[in-house]
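Chemist: build me a model:
(2 chains)
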Amino acid sequence: MGKLSLCTSSQTPLIRFNAGYEGILKKRGLQGKSLDIANFVEGEDYEFTAGGVTRMIFPLLKQMLGRGILENPHWVSLNPIAPETVTIGDITLNHVRLGKERVSGYGQAKETIWKTLHGIQKEPAGSLFWQDEFVDYTYYNRVCSELITRLDEENDFDLFYVHDFQQLPLAQMLHTLKPKIFRWHIPFDESLVPEAWRQSLSLYFNEYDAVIVSCKKYLESLKKFGYNGKAFYIYPYIDQDAYKRPSFGEIELFNKEFGIKQDDRVLLVVARLDPMKGQDGAIKGFSRVAKSFPNSKLVLVGDGSFSSQGIGLSKAERWLSELRELVRKLGMEDRVVFTGHLTHAELQAAYERCELTILPSVLEGFGLVVIEGWLYKKPAIVSSEAGIAELIKHGENGLIFNPRDPSDLADKLSAVLSDQNLALALGENGYKTSQQCSLEKGVKAEAELMQGLVGSEGTRP
Amino acid sequence: MTLYDFLYEIAIFVVILSMTFIASRIFSLIIRGIFRTWVPVVRAHFQRLVSVTIWVIGLMFAFQQLGLRVDFLLLVLGLIGVGALIAIKDTLENIGAKYFSDVYVPFKVGDVIKVAGSSGKVIEINPITTVLLTENEELVSIPNSLFLKEKIENVTPHVWKEILVPITIGSNVSLPEFESEILKACNKIKKYLDERFPPVLTVKSRNRQSVGLVLTLMVKEPGKKNEIIEEINRKISEIEHKIGRGGAQHRG
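Modeler: Numbers count the residues shown, from 1 in each chain, chains lettered A, B, ... in the order given. Here you go, the predicted structure:
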């Protein structure tokens, strides 16, 4: 079977260089626009970007390379502080840079789109496509399409794989008949699309040969919206082998760093700092049961997204202040812990140490953190508005609650905290369900889809 | 005539034939390069026509060099030419109709039309025919000449609102910057446009020298189409001056 030559594109880059990138180059004695990641030190010079999109694409590319399905993949993303290209194994990361004003306009436009599609946009957004911010949004996508066109001339790709709503216009911009796949990572509810946007979004969607969404509910909505191409749902997936059992020492270190005592009962929320993630609901729900379970602690893991850090939007900081204020008002300062960003080793310790996980999102594309918790056999209490809720059989492998009703969450917390047998059963069954989101399964589904579009096999010997 | 003169004339005859051969090949290659976007069969016919013409002229010169009369040959060729024109009358009619339909007939590839009892989506317009894909997934080929004689209905939704402005920019022009200027210019005339359909710039062709684009706008009132075309062309000219060398060329 021939190999596929793939170009993928996502707004979020795989790696984020730490501030003072120019200094890093000087320190390492490096020059040039194209550098190998082996020249840099993880943690010191750069970090892998958190978030579901890059956490799926990277293992997907690695697995497909390892199985001989792919050859020389290229990945285009927005990365203002990075070399033009970075190679990481056989993968070439191509970074797009934008000026500050363009980034600002682009950021505002995509924020409006994101809020609207999540149903939380307060101002009417119908006229967005006629505003200067949308000109910047289009500019960013056109810069990407021009770069992809140049890369295609050099590499003669077999297909293009575009990720997430920020880059939806790309297929319309690419002047090629080669297959184009789009993966929509956020929730898709066609009833939330403003009337004034429907024609444009429909045009953009229908330029793709195939569209993938994260669950059945979004697939139905996409078809109802009027997408005429091949539509699929593939559950998001993670590399489950990357989640190891932490050592006793690592757990102790985690406890010490965040002031968690030996007999504390840890309730864990892992999510970036964003109002949509519903950390406020988790705090309110927890506050109602905190007295009944005096040694329980709510641990909130996560910091801002790439948008709130990499391209300068300060949403995460504002949200963190609001959450701290809420905790203060509820008198829960000694019961709620904000850890900020955790390294992978620390995150493993957090999962192992916790008693249950909560996904409190007001609206969530899927919710891979539930899978992560399940890998440690922890019971999950999941928002009914998350894509992953369709995998939950209430009372069997998890509990579902209404994220807008703190008392509902409080009830579910009480149920798990007070019933050891229920907690154990939910954790065990959850672990079995997690296999539906294995990398193995995801790669198989994605590879079949790609090969089907290209014509059963790639063009490379 | 001496043997030397005879050999000299033969040599000239051979040289003329050789030059005719070379000229025929060169023109054939030039046609292939210039008209590469034509349907191959039409291009091949054109190549053959030019080649035959060159050979006829070359042979006439060559025979004249040998002292032979060419009047009769010209008469025969003239009659063959008239015969050929009559034989391919329909084809010429279709090619002519394609030229006029480019200018006057209101449909393009992708539109859904009804003509002469057939209806379907236009999937190809070549110099001879227009190909429709019907709802039953059958292909219907309509001779282009029919479009100048029959009533055509374009039933594509919102098509009456559509304005397509072809633009060509130099390949040294930054397309993202150019597009930004175009979108800002369109935003200034948005009161004339249907706000549900923001302007869309599409790349239609690309080579080392230039990029061919089409700007699609949807108007609120079809009666104002000409005014809007004038206005947007004026704005494109301004952008062309602003971005300087390698600028844009556009039609309405």
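
Chemist: after the host helix or strand of residue B:180, which helix or strand is next?
Modeler: Applying DSSP states H and E as the criterion places residue B:180 in helix B:175-188. Note on helix B:175-188: by DSSP H and E, the next helix or strand toward the C-terminus is strand B:200-206.

Chemist: run the chain-centre distance for that following strand.
Modeler: Offset of strand B:200-206 from its chain centre (C-alpha atoms, centre = their mean, to the nearest Å): 17 Å.

Chemist: list the strands paired with the helix or strand following that strand, with their directions.
Modeler: Using DSSP H and E, the helix or strand that follows strand B:200-206 in sequence is strand B:210-218. Using DSSP bridges, strand B:210-218 pairs in its sheet with strand B:162-170 (antiparallel), strand B:200-206 (antiparallel).

Chemist: ok, of those strands, where does mean pLDDT dip lowest?
Modeler: Lowest mean pLDDT within the strands paired with strand B:210-218: strand B:162-170, a mean of 88.

Chemist: phi, psi for residue A:175 please.
Modeler: Dihedral pair for residue A:175: phi -90, psi 70, per degrees, to the nearest 10.

Chemist: that one contacts residue B:203, correct?
Modeler: Yes - contact criterion C-beta atoms under 8 Å: residue A:175 and residue B:203 qualify, at 3.9 Å. All C-beta spots, glycine's among them, are computed from the backbone N, C-alpha and C.

Chemist: more neighbours: these two, which one.
Modeler: residue B:203 (20 against 16; other C-beta atoms under 10 Å in any protein chain shown).

Chemist: isn't the more buried one right up against residue B:211?
Modeler: Yes - here residue B:203 reaches residue B:211: they are 6.2 Å apart, a contact under C-beta under 8 Å.

Chemist: now the common contact residues for the two.
Modeler: Jointly contacting residue B:203 and residue B:211 under the rule C-beta atoms under 8 Å, 6 or more residues apart in numbering or on different chains are residue B:175.

Chemist: give me the nearest residue to the residue in the stretch 201-350 of chain A that chain B sits nearest to, chain neighbours excluded.
Modeler: Closest residue of the stretch 201-350 of chain A to chain B, C-beta to the nearest C-beta: residue A:203 (7.1 Å). Using C-beta to C-beta, 6 or more residues apart in numbering or on different chains and skipping the chain neighbours, the partner closest in space to residue A:203 is residue A:172 (6.5 Å).

Chemist: just checking, the one you found touches residue B:202?
Modeler: Yes - if you go by C-beta under 8 Å, residue A:172 and residue B:202 touch, sitting 7.0 Å apart.

Chemist: what residues does chain A have near chain B?
Modeler: A:126-127, A:129-132, A:134-136, A:138-139, A:142-143, A:146, A:149, A:172-173, A:175, A:195-196, A:198-200, A:203 (C-beta under 8 Å from any C-beta of the partner chain).

Chemist: now do the closest residue to residue B:85 other than its chain neighbours against residue A:226, distance only.
Modeler: Leaving out its chain neighbours, the residue that sits closest to residue B:85 by C-beta to C-beta, 6+ apart is residue B:92, at 7.4 Å. Using C-beta to C-beta, to the nearest Å, we find residue B:92 at a distance of 44 Å from residue A:226.

Chemist: all strands for the stretch 251-400 of chain A, in order.
Modeler: Using DSSP state E, counting those that start in this stretch, the strands assigned to the stretch 251-400 of chain A run over residues A:265-270, A:296-301, A:336-340, A:356-359, A:380-383, A:399-401.

Chemist: reformat those strands as TSV; add mean neighbour count and mean pLDDT.
Modeler: What follows is the strands of the stretch 251-400 of chain A, written out as TSV (neighbours: other C-beta atoms under 10 Å in any protein chain shown; pLDDT from 0 to 100):
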stretch	mean neighbour count	mean pLDDT
strand A:265-270	24	97
strand A:296-301	22	97
strand A:336-340	18	95
strand A:356-359	28	98
strand A:380-383	28	98
strand A:399-401	23	98
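
Chemist: returning to what we had before: quick one: which of residue A:172 and residue B:202 has more around it?
Modeler: More neighbours surround residue A:172 than the other of residue A:172 and residue B:202, with 21 against 14 (other C-beta under 10 Å).

Chemist: element containing the more buried one?
Modeler: helix A:170-173.

Chemist: picking up where we left off before, can you tell which of the strands paired with strand B:210-218 is closest to residue B:215?
Modeler: strand B:162-170 (4.3 Å; C-beta to C-beta).

Chemist: in that closest one, what's buried?
Modeler: Applying a neighbour-count criterion of 16 or more other C-beta atoms under 10 Å in any protein chain shown, one finds B:162, B:163, B:165, B:167, B:168, B:169 buried in strand B:162-170.

Chemist: hang on, the fourth one packs against residue B:215?
Modeler: It refers to residue B:167. Yes - counting by C-beta under 8 Å, residue B:167 touches residue B:215, with 6.1 Å between them.

Chemist: what residues are shared contacts of these two?
Modeler: By C-beta under 8 Å, 6+ apart, the residues touching both residue B:167 and residue B:215 are residue B:182.

Chemist: ok, now which ones touch the residue of the stretch 151-300 of chain A found nearest chain B?
Modeler: Residue nearest to chain B within the stretch 151-300 of chain A (C-beta to the nearest C-beta): residue A:175, separated by 3.9 Å. Shown in contact with residue A:175 (C-beta under 8 Å, 6+ apart): A:149, B:202, B:203, B:204, B:205, B:206.
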